[in-house]
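Asker: Predicted coordinates and the sequence they were generated for:
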Amino acid sequence: MPQVNALGDGTGGPVGAVAWIDGRFVPSGEALLPVGDAGFVLGTTVTEQLRTFHGKLFLPREHATRLRHSLQFVGIAPDWPVETLFEIAAEVAGRCHAAGPAEDDLGVIVLATPGDLPAQHAGRAGRPRVVIHAFPLALASWARSYDTGVALRAVSVTQVPASCWPIAIKCRSRMHYHLADREAHRTEPGARGLVLHADGRVSETATANVAIVRDGTILTPPDGDALAGVSLGHLRSLALAEGIAWQEATLRAADLATADEILLTSTPTCLLAATRFDGRPVGHGSPGPIHRRLLAAWSRGVALDIAAQARAALDRTAGAGAPTVTVEDPAA
C-alpha cells in the first residue's frame, strides 16, 4: 500500500484547509481531477458525502460500509483500504474545521474513479484515483426551511432502472436528478423534484430520502425503491427510540398527497419537512409534530441545535450583507 503523507509529520503537509488526493495532502484548491479521468468523462465515480458536528465526522462507519459496497460493484479498487480513507477523511475534516469558524461545520466528500480513461491516454489505463475534500456547509441557504418546510413536485423524469445499475450504490451519474429539479422549478419555483420509478413507485429526490407520516406511523420506501440513506437509517433509530412506529412500504404519489407529514432526510440538512406537494399543502402546511420531535431528538444526540446552527449562519450572512439562495448539495 502506498505511503500516506500525514499532516504535521514534517513531510510538507500544508497548513490550513486541505484536501487529499492519491496519497498527498494538498491545499484545498489543488484537489483536481484531470479532464481525461473516467470519472469526469464517463461519470464513473462512486462517492460518499459526510457532514461534521463540532468538526467530527458523523456516522463514518455507515458511510464507509456503503462506499465499500459501491466500489466493489463498480470494480474500482483503490490503493488504500476504505478504513484508511475514512481515517484520512477525519484528518481532513479536523484540519479544515480548525481553519474556519468554530461554530460552522463541514461537508466532507470521499470519491473514487477508475483513473485515466484509456481512450484519451493512448490506450493506457491509469490507477484508480481517490479524492477527499471538505467545504463549509451552506447552512444559511437552508436555514429558513426548518421553519417553513420545502415544496415537492412529482416529475416526469424517472429513476434509473436497476438493469442499468443498482439503486444501492451511490454514484455521480446524476443527470436525471438535474433534469428532475429543472422540471420541478419550471412548474413551481423553488420546488424539488420527486423522482418516481417508471411504474409509479416513489423513489427519492435529488438530495434526500423521502418518508411520510400517516396516523402516527412513519412509512418509507423499501431499499429496492430508493437508496438506503445513511441519514434515513439514523432517523429510523431515533424514531424507534422515541416509540414512533416505522414501516417500509411501497409508496405512490397519491400517498404523499394524503400524508399527514412528509419527511426528507439528507446528510447536510439532516431532517426537513416537505410542506407542499404538487402545489397543495401537506397537513397544515407547516412542519408537523413528528418532524419537530425527531429533529429535536437528532439535535440532542449530536449536542447541537441543528436548526439554530443554520439560523445563526443565516444571521451572520445577513449581517455581512451577502445574498443567500436556497440550495442543497446534490452530492448528499
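Answerer: On my side now, so go ahead. Numbers count the residues shown, from 1 in each chain.
Asker: Can you show me the helices along the chain?
Answerer: Counting by DSSP state H, the chain has helices at residues 38-41, 60-74, 82-99, 139-142, 145-148, 175-187, 230-241, 253-257, 289-302, 306-319.
Asker: Deepest in the core, which of those is it.
Answerer: helix 139-142 (a mean of 22; mean count of other CB atoms under 10 Å). To be clear about C-beta, it is placed using only N, CA and C from the backbone, and glycine gets the same treatment.
Asker: what's stretch 78-94 in contact with?
Answerer: 1-2, 4, 6-7, 18-20, 22-23, 25, 50, 52, 55-57, 60, 63-64, 67-68, 71, 106, 108, 110, 112, 127-128, 130, 132-134 (CB atoms under 8 Å, 6 or more residues apart in numbering).
Asker: Please tell me how far the residue at the greatest distance from the centre of the chain sits from residue 224.
Answerer: No residue in the chain sits farther from the centre than residue 122, which is 35.9 Å out by CA atoms, centre = their mean. The gap separating residue 122 from residue 224 is 42 Å, by CB to CB, to the nearest Å.
Asker: before we move on, what about residue 95?
Answerer: Per CB to CB, residue 95 is found 39 Å from residue 224.
Asker: sorry, back to before: OK, contacts around the residue farthest from the centre of the chain?
Answerer: Counted by CB under 8 Å, 6+ apart, residue 122 has zero contacts.
Asker: what separates it from residue 116, distance-wise?
Answerer: Using CB to CB, residue 122 is found at 10 Å from residue 116.
Asker: Domain map for the protein?
Answerer: 18-137, 145-317 (automatic domain parsing).
Asker: re the thing from before, out of the helices of the chain, which comes closest to residue 159?
Answerer: helix 175-187 (7.1 Å; CB to CB).
Asker: quick revisit: would you convert the domains of the chain into JSON lines that also reports mean pLDDT?
Answerer: Formatted as JSON lines, the domains of the chain follow (pLDDT from 0 to 100):
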{"stretch": "domain 18-137", "mean pLDDT": "96"}
{"stretch": "domain 145-317", "mean pLDDT": "97"}
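Asker: What about residue 266, how many residues nearby?
Answerer: Neighbour count for residue 266, taken as other CB atoms under 10 Å: 25.
Asker: same thing with residue 303?
Answerer: 8.
Asker: how close does it get to residue 309?
Answerer: For residue 303 relative to residue 309 (CB to CB), the value is 11 Å.
Asker: And for residue 101, the neighbour number?
Answerer: By other CB under 10 Å, 10 other residues sit near residue 101.
Asker: What separation is there between it and residue 55?
Answerer: As defined by CB to CB, residue 101 lies at a distance of 11 Å from residue 55.
Asker: Residue 38 contacts residue 119, doesn't it?
Answerer: No: if you go by CB atoms under 8 Å, residue 38 and residue 119 don't touch, sitting 9.2 Å apart.
Asker: Can you identify each of the strands in the stretch 101-250 of the chain by residue range?
Answerer: 106-113, 129-136, 150-158, 192-196, 202-205, 209-214, 217-220, 246-248 (DSSP state E, counting those that start in this stretch).
Asker: got TSV for the helices of the chain, with distance to residue 209 too?
Answerer: Output for those, formatted as TSV (distance: least, CB to CB, whole Å):
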stretch	distance to residue 209
helix 38-41	25
helix 60-74	13
helix 82-99	22
helix 139-142	16
helix 145-148	16
helix 175-187	13
helix 230-241	4
helix 253-257	13
helix 289-302	13
helix 306-319	17
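Asker: Of all these, which one is nearest residue 266?
Answerer: helix 230-241 (5.8 Å).
Asker: need the contact list for residue 120.
Answerer: 36, 41.
Asker: cool, the one 4 residues further on as well?
Answerer: If you count contacts by CB under 8 Å, 6+ apart, residue 124 has them with 116, 118.
Asker: so how far is residue 42 from it?
Answerer: Residue 124 is 16 Å from residue 42, by CB to CB.
Asker: before we move on, what about residue 55?
Answerer: Look at residue 55 and residue 42: by CB to CB, they are 35 Å apart.
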